[in-house]
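Undergrad: please work out how this folds:
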Amino acid sequence: MSAIVIIIGIRLSMLFFGRLSLTFILVGTLALNSNCQDMAGLFRLLPIAYTPELKNKGKEILIRKGEYTIPGGDSTDMEKYSIDTDRTKNYLRCEDGYTTGQRGFSIIEIKKFKKLNGEFILVFSKYGGVPVEFDQQEFKVFDIKKGKLIESKENLIPNDIGLKNLLRTGYSDSLFTLIKNNTNSSFLLNSETENEIEFRISSPLDIDDYKNYMIGNVILFTWNGQSFVKRKIWD
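TA: Here you go, the predicted structure:
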């Protein structure tokens, strides 16, 4: 679409040089910014440190085909990425796992939120491990500015969210360690509404074993255009 705009703009500017050449510049810029706002475009912009196995070529194949196998694998170590860009317009999920050998996995989620001033932020979450034992690995918030992702310096969500926020007061250090060693924790971005994310504790055994010590196992946060506000704790 942007290529068509450029061609038309050039042809018109030859006939009416001046005003319409300025129109071409404005339209071209709007098209570029629009492309950068879609979730596949934002996934492309993620720094390589957040998807270390995916170089630019690998990202493009993954987005185009929906899956990508890391070259060089063998019968004991075949790593494969899959991506889902179709759930909602502001959310993308990418899963990394192994088709042979080990059972390790990681889940990357990104979700876009609009600020009151009309600008956008991107929340990046990554958790992983093995099916019975996984944990949050990365959680970042980026400002989306001029087609770039810039790590936000604002404190948009409390940076000390964790198991302790879900425990009743008066717990001992030994109890905290026991529950932490037997539960998994992660942020989940694809919650029921577009302006929510959640932090969840789960257990490969039975979370009910610890129910007497916990307020709940999910903290729900709502985006109000300025920050994420803790709305409720539930199980």
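Undergrad: okay, now the closest residue to Phe43 other than its chain neighbours: neighbour count?
TA: Closest residue to Phe43 apart from its sequence neighbours, by Cβ to Cβ, 6 or more residues apart in numbering: Leu92 at 5.6 Å. Quick note: C-beta positions are derived from backbone N, CA and C, even for glycine. Using other Cβ atoms under 10 Å, Leu92 has 25 neighbouring residues.
Undergrad: quick one: contacts for Leu92?
TA: Residues near Leu92 by Cβ atoms under 8 Å, 6 or more residues apart in numbering: 39-40, 42-43, 83-85, 109-111.
Undergrad: swap in 6 Å and give it another go.
TA: Residues counted as contacts of Leu92 (Cβ atoms under 6 Å, 6 or more residues apart in numbering) are 39, 43, 85, 110.
Undergrad: ok, those vs Phe228, which is closest?
TA: Comparing the contacts of Leu92 against Phe228 with Cβ to Cβ places Ile110 closest, at 15.2 Å.
Undergrad: the helix or strand that contains the closest one pairs with which strands, and in what direction?
TA: Ile110 belongs to strand 105-114 when assigned by DSSP states H and E. Using DSSP bridges, the strands paired with strand 105-114 are strand 91-101 (antiparallel), strand 120-130 (antiparallel).
Undergrad: so, low pLDDT: which residues of this structure?
TA: Applying pLDDT under 70 to the chain flags residues 1-36, 75, 87-88, 191, 204-209.
Undergrad: closest to Asn182 out of the strands paired with strand 105-114?
TA: strand 120-130 (13.8 Å).
Undergrad: mind listing the helices for the protein?
TA: Under the criterion DSSP state H, the chain contains helices at 2-15, 19-37, 39-45, 56-65, 173-181.
Undergrad: one step back: just send the strands paired with strand 105-114 back as TSV, with distance to Gly216 too.
TA: Shown next, in TSV, are the strands paired with strand 105-114 (distance: least, Cβ to Cβ, whole Å):
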stretch	distance to Gly216
strand 91-101	24
strand 120-130	19
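Undergrad: so what's the residue count around Glu196?
TA: 18.
Undergrad: actually Thr177, not the one I typed
TA: Thr177 has 10 nearby residues by other Cβ under 10 Å.
Undergrad: likewise Ile201?
TA: 23.
Undergrad: isn't Asp235 right up against Ile219?
TA: No. With contact defined as Cβ atoms under 6 Å, Asp235 does not reach Ile219; the gap is 10.7 Å.
Undergrad: of those two, who's got more company?
TA: Ile219 (22 against 13).
Undergrad: ranking the strands paired with strand 105-114 by burial, who's on top?
TA: For the strands paired with strand 105-114, the largest average neighbour count (mean count of other Cβ atoms under 10 Å) is found in strand 120-130, namely a mean of 19.
Undergrad: could I have that one exported to CSV, CA atoms only?
TA: C-alpha atoms of strand 120-130 as CSV (Å, rounded to 0.1, in the frame of the first residue of the first chain):
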residue,chain,number,x,y,z
PHE,A,120,1.3,3.9,22.6
ILE,A,121,3.3,1.6,24.9
LEU,A,122,4.3,-2.0,24.3
VAL,A,123,4.4,-4.6,27.1
PHE,A,124,6.8,-7.5,26.6
SER,A,125,6.6,-10.6,28.7
LYS,A,126,8.6,-13.8,28.5
TYR,A,127,8.3,-16.9,30.7
GLY,A,128,9.5,-20.4,30.3
GLY,A,129,11.3,-23.5,31.7
VAL,A,130,9.8,-27.0,31.4
